[in-house]
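Visitor: predicted structure and sequence below. I'll ask about it afterward.
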Amino acid sequence: MKTWLGLLVAPAVVLGAQSADYALVQFACSWGTLAPLYAVSALAFSFSAFATVLAYRKWRATSAPFAASYDARAARPACLALAATVVAALSTLIQLTMWFPQWLLSPCR
């Protein structure tokens, strides 16, 4: 489960946060506060970072030095956990770069 959170759920959460931010712009401008946009972005960023940490810990737990004649099947969990770590870290970085313009530019202009 730790691997799948980083591999599939983290990118989906980032895309969902972008959609939710676009949907909340009209409400945020009519309410006069950008708090809903910040809350959605902060939640998506924290989830992506959490998924990255979980995938990294799974990768470190499953990656052990293998003998020269190891069974390829034993290396699959480590490879999948590494891929999940990279995808979740990239999702975290993407969420941060999508959140950054909210601090600088007002969507209500």
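Guide: Arrived safely, thanks for sending. Numbers count the residues shown, from 1 in each chain.
Visitor: which stretches in this protein count as strands?
Guide: Taking DSSP state E to define them, one finds no strands in the chain.
Visitor: which ones are touching the residue positioned nearest the centre of the chain?
Guide: Compute the mean C-alpha point of the chain, and by CA atoms, centre = their mean the closest residue is residue 48, 2.7 Å away. With contacts taken as CB atoms under 8 Å, 6 or more residues apart in numbering, residue 48 has the following neighbours: 10, 13-14, 88, 91-92, 95. Just so you know, the C-beta spots here come from the backbone N, C-alpha and C atoms, and that holds for glycine as well.
Visitor: of those residues - the most surrounded one?
Guide: The member of those that has the most neighbours, counting by other CB atoms under 10 Å, is residue 88 with 31 neighbours.
Visitor: confidence score at the nearest residue to residue 94 once chain neighbours are set aside?
Guide: Counting by CB to CB, 6 or more residues apart in numbering, the nearest residue to residue 94 once its immediate chain neighbours are dropped is residue 14, at 5.7 Å. What the model reports for residue 14 is a pLDDT of 96.
Visitor: fine by me, we can end here.
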